[in-house]
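Peer 1: Pasting the sequence and the predicted model now:
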Amino acid sequence: PFEGRLTKVLLRLILRRSPLILLRDDQSRRHLQALGVSPEHSAVSPDAAFALAPANVAQPTARKQAEHLRVAISLRDWPHFETSAKDGMEKYLDAVAGLAHNLVLRRHAHVTFLSTCQGANEYWTDDSAIADRVTRRLSPEVLRCIEVDRMHRRPENLIRRFKDFDFVIATRMHAAILALCAGRPVLAIAYEFKSRELFRRLGLADLIVDIEEVTSERLIAAVDHLLEVRSSIAENLMKRVAAERQSALAAGNLVRQAVRVVGVR
C-alpha cells in the first residue's frame with residue numbers, strides 16, 4: 001500500500017511538470033484526472049505503432065487465394081489473473097489449444113504462433129516459449145499444421161509477415177496493431193483495458209475476448225463471427241486504421257510545439 005501511494009505521488013509530481021502528456025484513450029485521461037493532474041497539457045493520440053502503417057492501408061489487399069486458411073496467434077505470459085497466475089495461465093493456454101485444435105481439424109487451417117516479443121535473448125520474456133506450452137497440449141495430427149515462429153523481427157518486418165495470414169488472434173496489443181497495419185482483421189484476447197479501448201474505438205467491440213473469461217468455446221465462437229463479418233467490415237475498418245495512422249503521425253507536431261515551449265522557458 002505504501003509503495004502504491006508513493007508511486008502515485010511521484011507520478012503526480014512528474015506529470016504536473018510535463019509540458020505534454022500523450023494518452024492512448026479516454027480511460028487513460030480519466031486515470032490522469034484521478035491522480036489530480038489537470039488534462040490541460042494532455043491529448044489523446046493513437047499508439048505510435050499506427051504510424052508504421054503503409055500510406056495505402058485504407059486499400060488493403062487480401063492474401064492470395066490458397067488451399068488452406070492461414071492464421072497467426074500472438075500469446076504472452078500474464079501473471080495478473082484475478083484468480084491465481086498459475087490457474088489463470090493454464091486456463092488461457094487450454095483455451096488457445098482448444099482453438100488451435102478446432103482451426104486445424106474443422107477449418108483445415110495452418111496455424112502459426114507469432115508475436116512481437118520473441119527471439120531476443122536480452123529481453124525479459126519470449127512469447128514463443130508460451131506457444132511451446134500450447135503445442136505440448138496438441139495431438140500429433142494437429143501439430144502437423146502448427147508452426148512456432150521464433151524469429152525476432154523489427155515492427156515493419158512484422159507487418160510484412162502478418163500479410164501472410166488471413167487473420168490474426170492477438171493477445172499482445174502491439175501484435176494486434178501491427179496486424180491491422182498489415183490490413184488483416186484481428187480478434188483480441190484482452191488482458192488490460194488498453195486493448196478493449198482500442199478495439200471499441202475501431203468499432204470492433206464484438207471481436208474481443210477477455211483473458212479472464214477465455215475458454216476454447218468463446219474463442220471458437222469469436223473466430224466463427226470474425227470469419228462471418230471480415231468481408232463486410234474490411235473497408236470501413238481499414239479507413240479507421242488509416243485515420244489512426246494520420247493521428248499518430250500528427251502527434252509529432254504536438255511534441256514539436258511542446259519542445260518549443262520548453263525551449264522558450
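Peer 2: On my side now, so go ahead. Everything numeric here is computed off the predicted structure, so don't read it as measured data.

Peer 1: and L105, that's in a helix?
Peer 2: Yes: under DSSP: H, G, I helix; E, B strand; the rest coil, L105 sits within a helix.

Peer 1: so how far is the first residue of stretch 66-78 from its last?
Peer 2: End-to-end distance of stretch 66-78 (C-alpha to C-alpha, to the nearest Å): 34 Å.

Peer 1: got the CA coordinates for the helix or strand of the chain with the lowest mean pLDDT in PDB?
Peer 2: Taking mean pLDDT, DSSP states H and E as the measure, helix 2-16 is the helix or strand of the chain with the lowest mean score, a mean of 86. What follows is helix 2-16, C-alpha atoms only, in PDB (Å, rounded to 0.1, in the frame of the first residue of the first chain):
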ATOM      1  CA  PHE A   2       2.800   2.400   0.900                       C
ATOM      2  CA  GLU A   3       4.600   1.700  -2.400                       C
ATOM      3  CA  GLY A   4       1.400   2.300  -4.300                       C
ATOM      4  CA  ARG A   5       0.800   5.700  -2.600                       C
ATOM      5  CA  LEU A   6       4.400   6.700  -3.200                       C
ATOM      6  CA  THR A   7       4.100   5.800  -6.900                       C
ATOM      7  CA  LYS A   8       1.000   8.000  -7.200                       C
ATOM      8  CA  VAL A   9       2.800  10.900  -5.500                       C
ATOM      9  CA  LEU A  10       5.800  10.600  -7.800                       C
ATOM     10  CA  LEU A  11       3.600  10.300 -10.900                       C
ATOM     11  CA  ARG A  12       1.600  13.300  -9.900                       C
ATOM     12  CA  LEU A  13       4.800  15.400  -9.400                       C
ATOM     13  CA  ILE A  14       6.300  14.300 -12.800                       C
ATOM     14  CA  LEU A  15       3.100  14.700 -14.800                       C
ATOM     15  CA  ARG A  16       2.200  18.100 -13.400                       C
END
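
Peer 1: tell me which residues in it are buried?
Peer 2: L15 (16 or more other C-beta atoms under 10 Å). C-beta coordinates here come from the backbone N, C-alpha and C atoms, glycine included.

Peer 1: Okay, helices next: where are they in the protein?
Peer 2: 2-16, 26-34, 85-107, 127-135, 140-143, 155-162, 173-181, 193-201, 216-264 (DSSP state H).

Peer 1: Could you single out the most deeply buried of these?
Peer 2: Mean neighbours per residue, mean count of other C-beta atoms under 10 Å, is largest over these for helix 173-181, with a mean of 26.

Peer 1: who does that helix touch, helix- and strand-wise?
Peer 2: strand 70-74, helix 155-162, strand 167-170, strand 186-190, helix 193-201, helix 216-264 (3 or more C-beta pairs under 8 Å, 6 or more residues apart in numbering; DSSP states H and E).

Peer 1: In this protein, where is pLDDT below threshold?
Peer 2: Within the chain, the stretches falling below the threshold (pLDDT under 70) are 1-2, 65, 264-265.

Peer 1: Geometric centre of it: which residue is closest?
Peer 2: Compute the mean C-alpha point of the chain, and by C-alpha atoms, centre = their mean the closest residue is M173, 1.9 Å away.

Peer 1: Could you double-check that that one lies in contact with K194?
Peer 2: Yes: under the contact definition of C-beta atoms under 8 Å, M173 touches K194, with a separation of 5.8 Å.

Peer 1: which residues does the closest residue to I189 other than its chain neighbours contact?
Peer 2: In space, and not counting its chain neighbours, I189 is closest to T171: 4.4 Å by C-beta to C-beta, 6 or more residues apart in numbering. Shown here is T171, whose contacts under the criterion C-beta atoms under 8 Å, 6 or more residues apart in numbering are S74, L75, R76, W78, S115, A188, I189, Y191, I211.

Peer 1: about what we covered before: same list as before, the helices and strands packed on helix 173-181 that is, but in TSV and with distance to A43 included.
Peer 2: As requested, the helices and strands packed on helix 173-181 are exported to TSV (distance: least, C-beta to C-beta, whole Å):
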stretch	distance to A43
strand 70-74	29
helix 155-162	23
strand 167-170	26
strand 186-190	24
helix 193-201	15
helix 216-264	6
